[in-house]
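Asker: Sequence first, predicted coordinates after that:
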Amino acid sequence: MKNIRPSESILVLDLDDTLYPEYEYKLSGIQTVCQHISLLYPEYPADKLMAKLDTSGNDWLDQLCRLCGFNQSEKQSLLWLYRTHTPNLTAFMPSEKFKNLLKPFAACILISDGRSLTQRLKLYALGLLECFDEILISEACQSEKPDEKRFKHVQQHYSGRHYIYLGDNIAKDFITPNRLGWQTIGILPKKHNIHQHQANRFDNSYQPHIWLGGIDELPSLFTR
């Protein structure tokens, strides 16, 4: 694998489970929803609601609505509360250290799937909103990975550079940059990762060129 010369390279990063643990966002959102319910419906204490929910599963909101007797319209209001809350998150790397990591690169871009407001609220909570030359979120760009639209945009606007993509989701993160000749780097999944795909279930076209334990290991690939 080619060693990285940051001054000659464009670093493109994923967000969820790459820069912070996405499970923290999910837990923060569920806690926020329960706290709001408790505030408006005192008969449902937030701690008791949380204790009855399976926060590791995908049907926590349905469980919550059944517990409180909310209908589908009320459920949608709670869902938007979840999506637009300002989360309590911990980055894998402290914001100042992360900013110093990015400084040597010719440009740093974020390519993330999700809703524009939701993803930007995550960046704001992490103190990373001002770190990137561009923030390309799927909802705003009308393109989801592995579609090549945003990757081609980077090549067109930052031409003649070495392109690096750093992500975590083997099902969709690496296949397109691999096809375009980029250098791809994967972050190994942690215990609570939202996506726990088995790497050996995907062929080579989906695999990153190298796996790292975390973003803090990226400088080990820099040319000395």
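Answerer: The structure has been received and is ready for your questions.
Asker: what are the ranges of the helices in the protein?
Answerer: Along the chain, counting by DSSP state H, helices occupy 22-40, 46-52, 60-68, 72-84, 95-102, 116-126, 138-141, 149-157, 175-179.
Asker: Can I get the last one as CSV, trimmed to CA atoms?
Answerer: This points to helix 175-179. The C-alpha coordinates for helix 175-179 follow below in CSV (Å, rounded to 0.1, in the frame of the first residue of the first chain):
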residue,chain,number,x,y,z
ILE,A,175,-16.3,-0.3,-3.3
THR,A,176,-16.6,3.0,-5.2
PRO,A,177,-13.4,4.7,-4.2
ASN,A,178,-11.6,1.4,-4.9
ARG,A,179,-13.1,1.4,-8.4
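Asker: what's in contact with that helix?
Answerer: 12, 145-148, 151, 163, 165, 184, 205-208 (Cβ atoms under 8 Å, 6 or more residues apart in numbering). All C-beta spots, glycine's among them, are computed from the backbone N, C-alpha and C.
Asker: Repeat that for the first one.
Answerer: Applying Cβ under 8 Å, 6+ apart, the contact partners of helix 22-40 are 16, 44-46, 49-50, 53, 55, 60-61, 64, 68, 78, 81-83, 85, 87-90, 122, 192-194.
Asker: could you flag which of these are buried?
Answerer: Buried subset of these (neighbour count, 16 or more other Cβ atoms under 10 Å): 16, 44, 46, 49-50, 53, 60-61, 64, 68, 78, 82, 85, 87, 89, 122, 193.
Asker: So what's the residue count around residue 130?
Answerer: When neighbours are defined as other Cβ atoms under 10 Å, residue 130 has 9 of them.
Asker: Then the one 10 residues further on?
Answerer: Other residues near residue 140 number 14, with proximity taken as other Cβ under 10 Å.
Asker: Just give the nearest non-adjacent residue to it, would you?
Answerer: Closest residue in space to residue 140, ignoring its immediate chain neighbours: residue 116 at 4.7 Å, by Cβ to Cβ, 6 or more residues apart in numbering.
Asker: from what I can see that neighbour touches residue 142, true?
Answerer: No - if you go by Cβ atoms under 8 Å, residue 116 and residue 142 don't touch, sitting 10.9 Å apart.
Asker: ok, those two, which is more surrounded?
Answerer: Ranked by neighbour count (other Cβ under 10 Å), residue 116 and residue 142 place residue 116 first, with 14 against 8.
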